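Visitor: predicted structure and sequence below. I'll ask about it afterward.
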Amino acid sequence: MTLVAGVDSSTQSCKVVIRDAETGALVRQGRAAHPDGTEVHPSHWWAAFLRALEEAGGLDDVAVISVAGQQHGMVCLDEAGNVVREALLWNDTRSAQAALDLTAELGGPQAWADAVGLVPVASFTVTKLRWLAEHEPENARRTAAVCLPHDWLTWRLAGALGSGSPDASSWVDAPLPPLDHLTTDRGDASGTGYWSPATGAYRTDILKAAFGSVPLLPRVLGPADEVGAATGGAGRVLIAPGTGDNMAAALGVGARPGDVVVSLGTSGTVFAVTESPSTDPTGAVAGFADATGRFLPLVATLNAARVMDAAARIAGVGLDELSDLALQAPPGADGLTLVPYLEGERTPNRPTATGSIHGLTLATSTPAHLARAAIEGMLCGLADGLDAMGTRPERVLLIGGAARSEAVRRIAPTIFGVPITVPPPAEYVANGAAHQAATLLTTPDWRSEDTKTYEGEALPEIRTRYARATTHILD
Ligand SMILES: Nc1ncnc2c1ncn2[C@@H]1O[C@H](COP(=O)(O)OP(=O)(O)O)[C@@H](O)[C@H]1O
Ligand SMILES: O=C(CO)[C@@H](O)[C@H](O)COP(=O)(O)O
């Protein structure tokens, strides 16, 4: 049996799956937590990866590995390859003003959508670089290269595998490869704001205008390229290009044109696989590339699974009990409406907004009403995202940590107004990375496991009430 490894270095944790390259069967897996916060030193990702890898039984018998990671995070490296400052993550909103400034400077939203497929918001790397140039000029001056979380982890992995030591427990301080060995893929590159999905090329003019200079950028590999072959680095385990986490999820769930995937992780995302690039000057839909040569229009919210974590905390219950409670309250929670902007919001672009609860009465002041309102509010923002995609999907697939909740699965059809297909709970980002790894060896035809379809009467009045509530929020 030939084994491949897939990694998901996401916001809250690192997950490693080891699968049979031919059948896709899960052989072993591991996970380790990341620290909280919206700025994180990348060394924590490396340490978590090594812990998760150890739990997954290591790479001794693995032929190929691929790393997928949270998109957009700004990782700045100095000439020697050392990290210049903590990475600013996709959910760090300090660059909101930079996003407004950059949008105006290039000539407005349409000019950005045409140039790179997206309109700047605080999540995108280009805005974080502008923030760095303005607020930490010394760190900006020391920045010799800029990359993304999956690029950095892939580069560290290449250094460790190339060190000749087979023992992953000695990899914490593995040598750093030269900066020009940094690689990325078109999926993750498309979330920077300085790479065009339509042309497949960096827009260094945009980067220079945003940052004041053009640091070294990772080489953009094709889906079937091998990192070692591209950089001259050698290792006994091949390294696939990797990609952003949403692009890997699309691979993992086997998304095909006509599908829309809704992912409920730390972020909520709604995305589709398309044959041609997209541009949305409203900024709601980011026109990303996928990991196969196609495209991945995507809407993202900052507030998804953690809204349920917060509601569970307030109610003093665990997540399973929160799910039970939500199903005890009536649809619409008797008018209790929760706007879940707990970390500000990205879609709509309200970076300084806070969450709010509307419709409190004596009757709605119960843990069950709160639980239902939290889930409905989280899903309403994503239903708006589905509308913004402007397609009538053949299937809507629900994945991510919060899709494990039975209440989420049952409430989703009432909010989205369409049947919801739920694949069995699994690490679809890591699985997608493993699938990409397998394509370096074979043409994987991994059988997908049985999905479950949830249906329910559409209740548009819940969304109408939610829309009214979003006009009454505090910054
Ligand atoms: N049964 C469940 N019900 C609701 N939320 C859940 C459940 N299981 C896990 N989660 C939540 O899912 C989130 C992690 O999901 P994941 O997709 O791994 O996120 P990320 O990829 O952003 O790190 C956590 O916030 C966790 O509390
Ligand atoms: O910013 C985006 C997509 O544009 C997020 O989806 C990040 O990629 C983080 O993903 P999770 O950790 O929530 O999976």
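Guide: Now that the structure is in, tell me what you want to look at. Numbers count the residues shown, from 1 in each chain. Ligands and ions are numbered 1, 2, ... in the order given.
Visitor: residue boundaries of the helices in the stretch 251-400 of the chain?
Guide: 305-315, 319-328, 367-389 (DSSP state H, counting those that start in this stretch).
Visitor: for ligand 1, tell me whether the last one is touching it.
Guide: No - looking at helix 367-389 against ligand 1 by Cβ under 6 Å from any ligand atom, there are no contacts, and the closest approach is 9.0 Å. Every residue, glycine included, has its C-beta placed from N, CA and C.
Visitor: tell me how many other residues surround A240.
Guide: A240 has 31 neighbours, counted by other Cβ atoms under 10 Å.
Visitor: the closest residue to it other than its chain neighbours: what secondary structure?
Guide: Distances taken as Cβ to Cβ, 6 or more residues apart in numbering put S66 closest to A240, at 3.7 Å, once the chain neighbours are dropped. Taking DSSP: H, G, I helix; E, B strand; the rest coil as the rule, one finds S66 in the strand state.
Visitor: shouldn't S66 be in contact with M247?
Guide: No - judged on Cβ atoms under 8 Å, S66 makes no contact with M247 at a distance of 11.3 Å.
Visitor: which strand or helix spans the closest residue in space to V429 that isn't next to it in sequence?
Guide: Of all residues not flanking V429 in the chain, D8 sits nearest, at 3.8 Å (Cβ to Cβ, 6+ apart). Taking DSSP states H and E as the criterion, D8 maps to strand 3-9.
Visitor: for that strand, what is the average pLDDT?
Guide: Averaged over strand 3-9, pLDDT sits at 98.
Visitor: so what secondary structure elements neighbour it?
Guide: Contact here means 3 or more Cβ pairs under 8 Å, 6 or more residues apart in numbering; DSSP states H and E; on that basis strand 3-9 packs against strand 13-20, helix 42-55, strand 62-69, helix 149-162, helix 245-252, helix 428-438.
Visitor: which residues of the chain lie near ligand 2?
Guide: Near ligand 2, when you scan the chain using Cβ under 6 Å from any ligand atom, you find 10-11, 70-72, 90, 123, 191, 244-246, 265-267, 269, 298, 300.
Visitor: just to revisit the earlier point, burial count for the residue nearest to V429?
Guide: D8: 29 surrounding residues under other Cβ under 10 Å.
Visitor: my guess is it contacts A426, does it?
Guide: No - D8 lies out of contact with A426 (Cβ under 8 Å); the separation is 10.9 Å.
Visitor: buried ones in the lowest-mean-pLDDT helix or strand in the chain?
Guide: Least confident helix or strand, the chain: helix 227-231 with a mean of 80, by mean pLDDT, DSSP states H and E. Across helix 227-231, burial judged by 16 or more other Cβ atoms under 10 Å covers 227-228, 230-231.
Visitor: determine which two of the residues you listed are furthest apart.
Guide: G228 and A230 (7.3 Å; Cβ to Cβ).
Visitor: roughly how far is stretch 93-106 from the heart of the chain?
Guide: Mean C-alpha position of stretch 93-106 versus that of the full chain (Cα atoms, centre = their mean, to the nearest Å) differs by 21 Å.
Visitor: what lies in contact with that stretch?
Guide: 38, 88, 109, 112, 115, 119-122, 124, 126-128, 130-131, 134, 193, 206, 209-210, 302, 343-344, 349, 351-352 (Cβ atoms under 8 Å, 6 or more residues apart in numbering).
Visitor: and those residues, which are buried?
Guide: 38, 88, 109, 112, 115, 119-122, 124, 126-128, 130-131, 193, 206, 210, 302, 343-344, 349, 351.
Visitor: who in the stretch 251-400 of the chain is up against ligand 1?
Guide: 265-266, 305-306, 308-309, 319, 400.
Visitor: what residue of the protein is the furthest out?
Guide: Of all residues in the chain, L362 has its C-alpha farthest from the mean position, at 39.0 Å, by Cα atoms, centre = their mean.
Visitor: and that one, how far from G232?
Guide: 70 Å (Cβ to Cβ, to the nearest Å).
Visitor: now do the contacts for the closest residue in space to G283 that isn't next to it in sequence.
Guide: Spatial nearest neighbour of G283, chain neighbours left out: V119 (3.4 Å); criterion: Cβ to Cβ, 6+ apart. Shown in contact with V119 (Cβ under 8 Å, 6+ apart): 103, 109, 112-113, 280-283.
Visitor: so which of these wins on neighbours?
Guide: The most neighbours of any of these, using other Cβ under 10 Å, belong to W112, which has 25 neighbours.
Visitor: with adjacent residues omitted, what lies nearest to that residue?
Guide: The nearest residue in space to W112 (Cβ to Cβ, 6+ apart) is V119, at 4.8 Å.
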